[in-house]
Every structure is written in structure tokens, then in C-alpha cells.
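*Asks:* sequence isn't available, so here's the structure alone:
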């Protein structure tokens, strides 16, 4: 945990942004895998973690906006709990670590909520994503519990959590040091005949030996055209590309999210090199322009037009670049958004509502295929941390669908595309901090240029 003063200040800041009433933040509980005492690894709710730092199950907090005080609800361990799980912190110790003034047993929450309701005071909650907590809220607030989901609270939390402090940046950098190791290791141990799952096993060992965990299920696949491919069943083949999208959480659960794509055989082919350079140019031109006030949707548009120009240069796209972009034809090759916020969640705060995090009253989400998946569109601010992850993919099913429907034939050379059925996909992703006058690439030391990648791939295997 950070020092208790950090959490006290965060809760105080939140209270000043709300007019009156109470903020109820529910912590997560253990979830059984197949029977009650065999649980999935515990993952705390990130907003709960942000405001109190307590990374333990079965805890809830109630913030009194009127007085600024906070109450922690939970249950102290029984002797039986200690026998099976080991001794943990008492409720009193948890409260002290978080700077919380009042400690009560879990059952007291029902009485306190009832008392608040009788006084007709507001109870603000965040959107929920877990069925057990939805059930708890129904018991606490009744069947109309969703009426307590508060836009004012969502807006205040998003505003506060979007600006990363120095200690938060340090946590991301700590995680990045291990992330760099696993990406270099994946490159160094890739060679034809190796199993994807063998590489994953080595990466897992590195992360666990550092006392950390992956920030999300790792993507490591020759089938890079599948955007979220979590299968690791392939045996690496000569001439193929391997896409590795992997991130690590710090000990306080701040995430990294990095993607590199590299040739299994150690050298890019001529066409692989061309496509890779297009993607790298998409990313580098965007990073050059990132600073406070820049709308990220405009950066997605910039990357899209660079994609079109690159593909036109090798005959895969045709026509006027502006017209091609307006038609949405480029989304056949770039069907996802340029990036998203990063922090305590790898897609930071998106459980609160993607549009609340990435858009505002000035910037609205677009409906066109491809750009509609852009999770972050609004103007950037100093202190934002985000991903920049353009890609170019050759997805046979999507290509066949568009071709059969005759879509965008004035912009897409379908006959030439037939030779790209087994190409896969290329994505390059870095994590960037927006600063006062520009940005800092937090992952710039992870090999990315063609020369650096070709220098490291397979180095330990031959």
C-alpha cells in the first residue's frame, strides 16, 4: 500500500467533488472455481483499491460526504480462517493502514444504510460488473438499486483517476521493468519448431519469480490477425510472424500493456518489412504529436491515413486517401481503436462505462466500423497514461465477407489480397505518459525497430 495519507487525500478530494450524501464502495469477494473453498486468484475492485488500498476480500467502505469521514465494514478472521489461510490483518489494522476513522462489522452496513434511507439522504454507487455484488446491493438498497448508480460519482472518479500522480507513474515503471524482460525473452527464445506454450511458460516463470502477475491473459501467437487470441497451441514456423501482447501488474496492481511483433526466423521478409514499417510509422507519427489538448480521435484518424498511404504504396489500397478514410475501407486492415487509458486496470476504469472514460460532451464516439472501437477519443490531459497500438491485419474471414458483398472495391485490391491469406497481423504498442509539453514513452527501451528486433530474435537459441 501507499502511505495512509494518500488514501485520506483521495477520499477527501472525492468528497469535495460531490454535493451531499454518502458514497458506497464495495470491495470484491473471493469467487469459487468449482467448489466453495477452491477460489480463483483474488482481484480487488480497482476503484475500491484506489480509495483505500486494501487488497483483501469481504470489505466495503462508506464515505460520508457531509462530514468527510469513512467507515470500513468487514469481519475479523476466525481461528478456523487462520488455520487454513494464515493470519491476515485485523479490521482495525486495515483501517489504520488506510487512514479510516470508523470500523464496523459487515452486518452493520445494513443498519447504517437503513438509517440513511430513513433520512432521505443520497447514496451514490458505481456501476457493477459482478453478480455477487449486484445481489448484495439488491439486499441493501432494494430491487431499484440501479437508481443509485450516480453519474456525478462516475464523473468524479474518472476525473480523479485519469490524472496519474508521481507515485502511480513509479508503479507503472516498476511493472515496466519486468515487462521489458518478458518481451525481450519472448524474442530471444523464439525459433522455428518451438511451441508457443513453451515460451508462455518461461514468461510466466519470470513474472511469478518477481512476485507479480500478468495484467491480463497474454496474447502470444502466430495468428496475430485474431485480435484477442489466447490460444498458445501453435508450433512456430519458418517465415511466420509472432505477435506478443503482454503486460505485468506492479505489486500495487498498476498495469503495463505492450505489444511487439517479430519474425520467427529472425529476419523479416521483404513484404513483412514493408507492412511493419507502415505500422511503425503510424505509431511514431502519433507519438510525436501527443500533448495536452490533442484529441485522441484525431490521432486515430492520422494513423488511419498513414495506414492507407502505406497500403496504397504496395497496391493493396487504391484511390484518394481522404475518400478512402471517409468510406471506412481502411478498417478492413485496421479494425480496432488506436488505444485506451492505462492504470489500475489495463483498460483503466472501463467498468465505469467506456464512454464516460474515453469521451465527453465535446467528443462523441463515432459509429463507423473500426473507429467505433476506439475506447479513448477525447482531448488528452497532463498526467494521462495511455496505449498507442496501431496495427495492420489480414483477416481472411473479414476479407472474404467484404469481397463477397462487393464492399469498397474502388479502394481495396481484392485480387492482390489473395496472396496475404496466411500473413497474420502486426501490432506495435507502447505506453505513453502525457506531460506538460508533450509525452514520455514509458516503454521505449523494449526493442521495436526492425534492426533492433532482428538483432535479438532467436539470439539464445542458435
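*Replies:* Received, thanks. This one's a predicted model, so the numbers in the text were calculated from it and none came from an experiment.

*Asks:* ok, which stretches of the stretch 1-150 of the chain are strands?
*Replies:* Ranges of strands within the stretch 1-150 of the chain are 22-26, 32-35, 38-39, 60-64, 70-74, 102-105, 123-124, based on DSSP state E, counting those that start in this stretch.

*Asks:* residues contacting the closest residue to residue 163 other than its chain neighbours?
*Replies:* Distances taken as C-beta to C-beta, 6 or more residues apart in numbering place residue 383 nearest to residue 163, at 3.7 Å, with adjacent residues excluded. The way it works is simple: take the backbone N, C-alpha and C, and place the C-beta from them, glycine included. Contacts for residue 383 (C-beta atoms under 8 Å, 6 or more residues apart in numbering) come out as 162, 163, 164, 165, 433, 434.

*Asks:* ditto for residue 219
*Replies:* By C-beta under 8 Å, 6+ apart, the contact list for residue 219 reads 228, 229, 230, 243, 244, 245, 246, 259.

*Asks:* write a ChimeraX command that selects only the buried members of the contacts of residue 383.
*Replies:* Of the contacts of residue 383, the buried ones go into a single ChimeraX selection, burial set by 16 or more other C-beta atoms under 10 Å:
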select :162,164,433,434
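
*Asks:* and the two most separated of the contacts of residue 383?
*Replies:* The most widely separated members of these, counting by C-beta to C-beta, are 165 and 434 (13.6 Å).

*Asks:* give me phi/psi at residue 156?
*Replies:* phi -70, psi -40 (degrees, to the nearest 10).

*Asks:* tell me the pLDDT of it.
*Replies:* We have a pLDDT of 98 for residue 156.

*Asks:* wait, it touches residue 10, no?
*Replies:* No: between residue 156 and residue 10 there is no contact under C-beta atoms under 8 Å: 11.0 Å.

*Asks:* domains of this protein?
*Replies:* 4-162, 166-456 (automatic domain parsing).

*Asks:* deepest-packed of the ones you listed, please.
*Replies:* Most buried of the domains of the chain, by mean neighbour count (mean count of other C-beta atoms under 10 Å): domain 166-456, with a mean of 19.

*Asks:* and the end-to-end length of it?
*Replies:* From its first residue to its last, domain 166-456 covers 32 Å (C-alpha to C-alpha, to the nearest Å).

*Asks:* check stretch 134-153 too.
*Replies:* Length of stretch 134-153, first residue to last, C-alpha to C-alpha: 18 Å.

*Asks:* could you shift the numbering so residue one becomes 31, and keep it that way?
*Replies:* Will do, 31 is the new start, and the previous item becomes stretch 164-183.

*Asks:* pLDDT of that stretch, averaged?
*Replies:* Averaging pLDDT along stretch 164-183 yields 97.

*Asks:* and what of stretch 298-307?
*Replies:* Mean predicted lDDT for stretch 298-307 stands at 98.

*Asks:* contacts for that stretch next, please.
*Replies:* Applying C-beta under 8 Å, 6+ apart, the contact partners of stretch 298-307 are 269, 271, 291, 293, 340, 343-344, 422, 453, 456, 458, 480, 483-484.

*Asks:* and residue 246, how close does it get to residue 190?
*Replies:* Separation of residue 246 from residue 190 (C-beta to C-beta, to the nearest Å): 23 Å.

*Asks:* quick check: which ranges of this protein have low pLDDT?
*Replies:* 490-492 (pLDDT under 70).

*Asks:* let's see 90
*Replies:* Applying pLDDT under 90 to the chain flags the ranges 67, 111, 115, 488-492.

*Asks:* in it, which helix is the longest?
*Replies:* The residue-count maximum for a helix in the chain (DSSP state H) belongs to helix 196-218.

*Asks:* does residue 406 touch residue 372 like I think?
*Replies:* No: assessed by C-beta under 8 Å, residue 406 is found out of contact with residue 372, at 9.9 Å.

*Asks:* overlap of the contact sets of the two?
*Replies:* The overlap between the contact sets of residue 406 and residue 372 (C-beta under 8 Å, 6+ apart) consists of residue 416.

*Asks:* if we can go back for a sec, among the contacts of stretch 298-307, find me the one that's closest to residue 167.
*Replies:* Closest approach between these and residue 167, by C-beta to C-beta: residue 458, at 41.7 Å.

*Asks:* that closest one and residue 39, how far apart?
*Replies:* According to C-beta to C-beta, residue 458 and residue 39 sit 37 Å apart.

*Asks:* do the same with residue 197
*Replies:* Per C-beta to C-beta, residue 197 is found 11 Å from residue 39.

*Asks:* ditto for residue 68
*Replies:* In this view, residue 68 and residue 39 are 39 Å apart by C-beta to C-beta.

*Asks:* got it, and residue 256?
*Replies:* Separation of residue 256 from residue 39 (C-beta to C-beta): 43 Å.

*Asks:* residue 139 too?
*Replies:* 25 Å.

*Asks:* what does residue 405 give?
*Replies:* 28 Å.

*Asks:* what does residue 132 give?
*Replies:* According to C-beta to C-beta, residue 132 and residue 39 sit 18 Å apart.

*Asks:* same check on residue 75?
*Replies:* From residue 75 to residue 39 the distance is 20 Å (C-beta to C-beta).

*Asks:* also residue 482?
*Replies:* Going from residue 482 to residue 39 by C-beta to C-beta gives 42 Å.

*Asks:* what of residue 141?
*Replies:* With C-beta to C-beta as the criterion, residue 141 and residue 39 are 29 Å apart.

*Asks:* just residue 54 next, same as before
*Replies:* Using C-beta to C-beta, we find residue 54 at a distance of 20 Å from residue 39.

*Asks:* what's the distance between the nearest residue to residue 372 once chain neighbours are set aside and residue 377?
*Replies:* Excluding its sequence neighbours, the residue lying closest to residue 372 (C-beta to C-beta, 6+ apart) is residue 415, at 4.8 Å. Distance of residue 415 to residue 377, computed by C-beta to C-beta: 12 Å.

*Asks:* what touches both of the two?
*Replies:* residue 371.

*Asks:* where exactly do the helices run in the stretch 31-180 of the chain?
*Replies:* Using DSSP state H, counting those that start in this stretch, the helices of the stretch 31-180 of the chain run over 34-47, 76-82, 109-115, 121-128, 138-148, 161-171.

*Asks:* would you turn these into a markdown table with distance to residue 201?
*Replies:* Output for the helices of the stretch 31-180 of the chain, formatted as a markdown table (distance: least, C-beta to C-beta, whole Å):
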| stretch | distance to residue 201 |
| --- | --- |
| helix 34-47 | 12 |
| helix 76-82 | 12 |
| helix 109-115 | 27 |
| helix 121-128 | 17 |
| helix 138-148 | 30 |
| helix 161-171 | 26 |
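
*Asks:* between the ones you listed, which one is closest to residue 317.
*Replies:* From the helices of the stretch 31-180 of the chain, taking C-beta to C-beta, the stretch that ends up closest is helix 76-82, at 26.2 Å.

*Asks:* what is the distance between the closest one and the centre of its chain?
*Replies:* Distance of helix 76-82 from the chain centroid (C-alpha atoms, centre = their mean, to the nearest Å) equals 16 Å.
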